[in-house]
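A.B. asks: with the sequence up front, the predicted model follows.
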Amino acid sequence: MNDYRVIFHVDEKERMPVAVGNIMNLVKDTESGKPEIELVINGTAIAVFGDDAVLQQLTAIHNLGAKIVACRNSIRMFCNNNPECPAAEDKLPSFVKVVRAGVTEIIKRQHEGYAYIKP
C-alpha cells in the first residue's frame, strides 16, 4: 500500500497549473514511497481539455502515476451536445477516466481515506 493517498479537486481552469505543480512537488517529495494520486476535474475546469499545453501537463502527471478523472455531468454541461467539443468523451485522452459525478468520486475517495486538496 502507498504511504500517501490524495485526491486533488480542480473545478476552475485557472487553478489547473497550481494543481499540476502540487502533484509534481508531491511526487518529488515522496520519492521513497509512490503516492496514490487522483485528479478530479469538474465544473468549468472541463475546458482544460481544449488546451494543448494543459493536456501535455496532464500527460506528464499521468506518466508519474496520477489518475485523471473527468466528471460526465460537467462534460455534458460544457459540451452541450456539441460533438466537436474538445471535452467530448470520445475526444478525451485514453488515460482520462470519466465518472458520472465528480463530487461523488471525491466523496468515495475521502471515505477510503484519501486526503483532499483543492488548490
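C.D. replies: Structure's in. What do you need?
A.B. asks: can you give me the strands for this protein?
C.D. replies: With strands called from DSSP state E, the chain shows them at 5-10, 36-41, 67-71, 96-99, 115-117.
A.B. asks: I'd like the ones you listed laid out as a markdown table, including mean pLDDT, distance to E89 and mean neighbour count.
C.D. replies: Glycine gets a C-beta too; all of them are placed from N, C-alpha and C. Shown next, in a markdown table, are the strands of the chain (pLDDT from 0 to 100; distance: least, C-beta to C-beta, whole Å; neighbours: other C-beta atoms under 10 Å):
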| stretch | mean pLDDT | distance to E89 | mean neighbour count |
| --- | --- | --- | --- |
| strand 5-10 | 98 | 18 | 22 |
| strand 36-41 | 98 | 13 | 24 |
| strand 67-71 | 98 | 8 | 21 |
| strand 96-99 | 98 | 6 | 16 |
| strand 115-117 | 98 | 25 | 14 |
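A.B. asks: next, format the ones you listed as JSON lines and append distance to A87.
C.D. replies: Below are those laid out as JSON lines (distance: least, C-beta to C-beta, whole Å):
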{"stretch": "strand 5-10", "distance to A87": "13"}
{"stretch": "strand 36-41", "distance to A87": "9"}
{"stretch": "strand 67-71", "distance to A87": "7"}
{"stretch": "strand 96-99", "distance to A87": "10"}
{"stretch": "strand 115-117", "distance to A87": "23"}
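A.B. asks: of all these, which one is nearest D51?
C.D. replies: Of all the strands of the chain, strand 36-41 sits nearest to D51, with 11.9 Å by C-beta to C-beta.
A.B. asks: report the inter-axis angle for the closest one versus strand 5-10.
C.D. replies: What separates the directions of strand 36-41 and strand 5-10 is an angle of 20 degrees, with axes from the mean of the first three to the mean of the last three C-alpha atoms, to 10 degrees.
A.B. asks: done for today, thanks.
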